[in-house]
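>>> Sharing a model prediction with you, sequence too.
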Amino acid sequence: MRWSRSGTAAQRFCSVRGNTAVGWQRVTLAPLPPGPVDMWSVGCIMAELALGSACFPGDCEIDTLFRIFRRLGTPSVEIWPEIASLPDYKPTFPSWKGIP
């Protein structure tokens with residue numbers, strides 16, 4: 001699928017990356033190993049069960065991430081000091097305040 005030049009930045013990024021499936025569409029059928037649980041994922045699954053649809057249905061990883069930022073706010077170094085050390089962190093990400 002090709003996105004036009006008039007599409008959003010996230011849509012153009014998705015076409016460049018060539019992603020064919022997005023995170024919220026992927027399903028793992030392997031049994032869960034014992035150990036720590038990703039509470040963010042558990043929360044998203046519970047919300048999706050309650051809502052009957054995906055919480056952040058992005059077209060690709062970056063679109064999903066931007067949807068999370070729009071809803072919850074873009075994390076900053078002030079509230080998450082370690083974020084700058086993450087390999088894919090970009091200080092140029094759009095800054096959203098989130099919806100209260």
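Received the coordinates, thanks.

>>> Tell me, how many residues neighbour the nearest residue to L72 once chain neighbours are set aside?
Of all residues not flanking L72 in the chain, G98 sits nearest, at 4.9 Å (CB to CB, 6 or more residues apart in numbering). Bear in mind the C-beta positions are built from the backbone N, C-alpha and C, glycine included. A count of neighbours around G98, defined by other CB atoms under 10 Å, yields 12.

>>> Same check on I83?
Neighbour count for I83, taken as other CB under 10 Å: 15.

>>> Return the helix or strand in this structure with minimum mean pLDDT.
Using mean pLDDT, DSSP states H and E, helix 9-17 stands out as the lowest-scoring helix or strand of the chain, at a mean of 46.

>>> got the contact list for the helix or strand that comes right after that one?
Beyond helix 9-17 in the direction of the C-terminus, DSSP states H and E gives the next helix or strand as helix 39-51. Applying CB atoms under 8 Å, 6 or more residues apart in numbering, the contact partners of helix 39-51 are 54-56.

>>> For helix 39-51, the averaged confidence score.
Average pLDDT, helix 39-51: 90.

>>> Report the buried residues of that helix.
C44 (16 or more other CB atoms under 10 Å).

>>> Now do the very next helix or strand once past it: which elements does it pack against?
Scanning forward in sequence from helix 39-51 by DSSP H and E, the next helix or strand is helix 61-72. Counting contacts by 3 or more CB pairs under 8 Å, 6 or more residues apart in numbering; DSSP states H and E, helix 61-72 packs against helix 9-17.
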